[in-house]
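Engineer: quick check, what structure comes out for this input:
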Amino acid sequence: MSARRELVLGPSNGIVTTLTFTETSLTVRSGTTTDTPKHHSFLFSSSTNPSHSEILLHNVIAATVSGTTVEVSYLARTTKQRLHMKRTRGDVTDKDVHLATEWCTSITQLAYKGDNPSKVLKVLINPHGGPGKARKIFAQKVEPILRAAGCTLDVTLTTRSGHAIEIAQNMELTYDALVVVSGDGLIHEVMNGLAKHATPEKAFCIPIAPIPAGSGNGLSLNILGLYDGLDPCAAALNVLKGRPMKVDLFSFIQGNQKRISFMSQTIGLMADVDIETEHLRWMGDLRFVWGYLRGVVTRKTCKMELSMKVVEQDKSQMVDALYARRRSAAKGVPPALPASDITPSDDKQVNGTDSPENWVVFEKPILWMVAGKGPYVSRSLMQFPVSHPDDGLIDISVQEVVGRRFLLDGMEGAEAGRSYWFSSNRYYKASAYRAKPLTASGALMVDGEAFPFEEFQIEVLHRLGTLLSPYPYYAADFKVIDVKGTMRETT
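Structural biologist: As a prediction, the model looks like this:
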């Protein structure tokens, strides 16, 4: 269909609005008419004192006709560079309603690349997570965007710990996406609920879309990047226009317990930071900075036996692989990666006996160990800058014992991944690992949730999870090329 690219609305109170779209943008011009033609709907009218806005076509939410009134909803940047929804309304003549309808259909199809904007969504809201603003964030910022697109919403407020596990476990698999308005803790519950579903293979195919309303919001930052990762409106736009992206998950095995982990496992100082600032959730992600400074003062060491089935430990090669996969993804070339079982079996325990030459055992005292998937664990820390969504591996960062001055200096550039290059940061990519604490007390955090400080093991569940993402890779750009913090653009 040949799309009409220009639509003129009005005049209303002497104001004419001209809407023009291209393959990439929508332009909105408004001004006082000086010479309004009799048939103005698809004509350009000259105006004085015009205002002008150009919006990315990707940010167009809806274009509708009701009677003779046309309404276009879109997201625009505020002075603080956050997105907010705006609406432009105006009238056309009766005889031009069919032309306006055609214009609205054309821009909608182009803005959604032919996809259906009206999705059926299951929405989970944790009203007590993080700073406790999830319900307000959804009602004021997210819901209006989803409603404008014509989405059908099935909304549930969680009331207790484990509630989201029950909901995901018993959920009908008829939704286009599962929207989680909270922090990373509720996503952990959702993942474990899907694993308990009667048909987990199908359940894990329903994509999850996070709306940042917690303390860390690591998953949202990894999907949308540092610029938009904490913006609920940008996250709502991802619900509408993101594409399914397969991601690796992890099987966390501790004694007879098996759980799904999607983001991180932490021992040592970094785990203390998380658990000892629980009462400061009202601070948002600043609680982690405060907790880290306290941890630097105490500088407790952690003794553990860490056994890893290492695949790569050359940092430069890992960076090269990151850039290579980013270039391939941009060209639409899928990576050739191995398949993996949906759940670990008893005969696949991590015991280090299958190929001992591939296993690395780390036994020196450390300050912390963090293992996981996704570059960001919070806005202030890019922990895994060379992480891939679906490489079948887990990234492991082990911080050797260093002085307090070094730890304080290491805060500079932490959000850009500068610490990756520190020689005291031992960085590995592994297909599995086992951690055995050698002290009686300590903290173990899994996806931000506290677990017993006991021996555990991790296996990678390749491409088990599904997220909605605007890109076929993590959004974070790792540009630090040396320990001095020298930056370069990704290629």
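
Engineer: which residue is nearest the middle of the protein?
Structural biologist: Geometric centre of the chain, nearest residue: residue 220, 2.6 Å, by C-alpha atoms, centre = their mean.

Engineer: how about it, secondary structure?
Structural biologist: Put simply, residue 220 is helix when judged by DSSP: H, G, I helix; E, B strand; the rest coil.

Engineer: pull the contacting residues for it.
Structural biologist: By C-beta atoms under 8 Å, 6 or more residues apart in numbering, the contact list for residue 220 reads 210-212, 229-230, 235. Heads up, the C-betas are built off the backbone N, CA and C, glycines and all.

Engineer: ok, residue 244 touching residue 465?
Structural biologist: No: if you go by C-beta atoms under 8 Å, residue 244 and residue 465 don't touch, sitting 10.2 Å apart.

Engineer: hmm, residue 8 is touching residue 17, no?
Structural biologist: Yes: with contact defined as C-beta under 8 Å, residue 8 counts as touching residue 17 (7.2 Å).

Engineer: on the three-state scheme, residue 190 is what?
Structural biologist: Taken by three-state DSSP, the conformation at residue 190 corresponds to helix.

Engineer: need the pLDDT of the nearest residue to it once chain neighbours are set aside.
Structural biologist: Once flanking residues are discounted, residue 190 sits nearest to residue 168: 4.8 Å by C-beta to C-beta, 6 or more residues apart in numbering. Looking at residue 168, its pLDDT is 98.

Engineer: relative to residue 142, how far out is residue 168?
Structural biologist: 20 Å (C-beta to C-beta, to the nearest Å).

Engineer: ok, residue 487 next?
Structural biologist: From residue 487 to residue 142 the distance is 34 Å (C-beta to C-beta).

Engineer: got phi/psi on residue 291?
Structural biologist: Here is the backbone geometry of residue 291 (degrees, to the nearest 10): phi -60, psi -40.

Engineer: just residue 92 next, same as before
Structural biologist: Dihedral angles for residue 92 - degrees, to the nearest 10 - are phi -120, psi 170.

Engineer: that one contacts residue 71, doesn't it?
Structural biologist: No: look at residue 92 against residue 71 with C-beta under 8 Å: they stay out of range, at 11.7 Å.

Engineer: show me what contacts the residue nearest to residue 190?
Structural biologist: Residue 168 neighbours (C-beta under 8 Å, 6+ apart): 178, 189-194, 196-197, 203.

Engineer: which PyMOL command selects the buried ones in those?
Structural biologist: Selection of buried members from these for PyMOL, criterion 16 or more other C-beta atoms under 10 Å:
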select buried, resi 178+189+190+191+192+193+194+197+203
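
Engineer: residue 92 and residue 71: which is more packed in?
Structural biologist: residue 92 (24 against 16; other C-beta atoms under 10 Å).

Engineer: separation between the more buried one and residue 229?
Structural biologist: In terms of C-beta to C-beta, residue 92 sits 39 Å off from residue 229.

Engineer: gap between stretch 84-97 and the chain center?
Structural biologist: 34 Å (C-alpha atoms, centre = their mean, to the nearest Å).

Engineer: return the alpha-carbon coordinates of it using PDB.
Structural biologist: Output of stretch 84-97 as PDB, limited to C-alpha atoms (Å, rounded to 0.1, in the frame of the first residue of the first chain):
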ATOM      1  CA  HIS A  84       7.200  10.500  28.700                       C
ATOM      2  CA  MET A  85       4.100  10.000  26.700                       C
ATOM      3  CA  LYS A  86       2.600  12.800  24.600                       C
ATOM      4  CA  ARG A  87      -0.600  13.000  22.600                       C
ATOM      5  CA  THR A  88      -1.400  15.100  19.500                       C
ATOM      6  CA  ARG A  89      -5.100  15.500  18.700                       C
ATOM      7  CA  GLY A  90      -6.900  17.300  15.900                       C
ATOM      8  CA  ASP A  91      -9.800  17.000  13.500                       C
ATOM      9  CA  VAL A  92     -10.300  16.300   9.800                       C
ATOM     10  CA  THR A  93     -13.400  16.800   7.700                       C
ATOM     11  CA  ASP A  94     -16.000  14.100   7.300                       C
ATOM     12  CA  LYS A  95     -15.000  13.300   3.800                       C
ATOM     13  CA  ASP A  96     -11.400  12.900   4.700                       C
ATOM     14  CA  VAL A  97     -11.900  10.400   7.600                       C
END
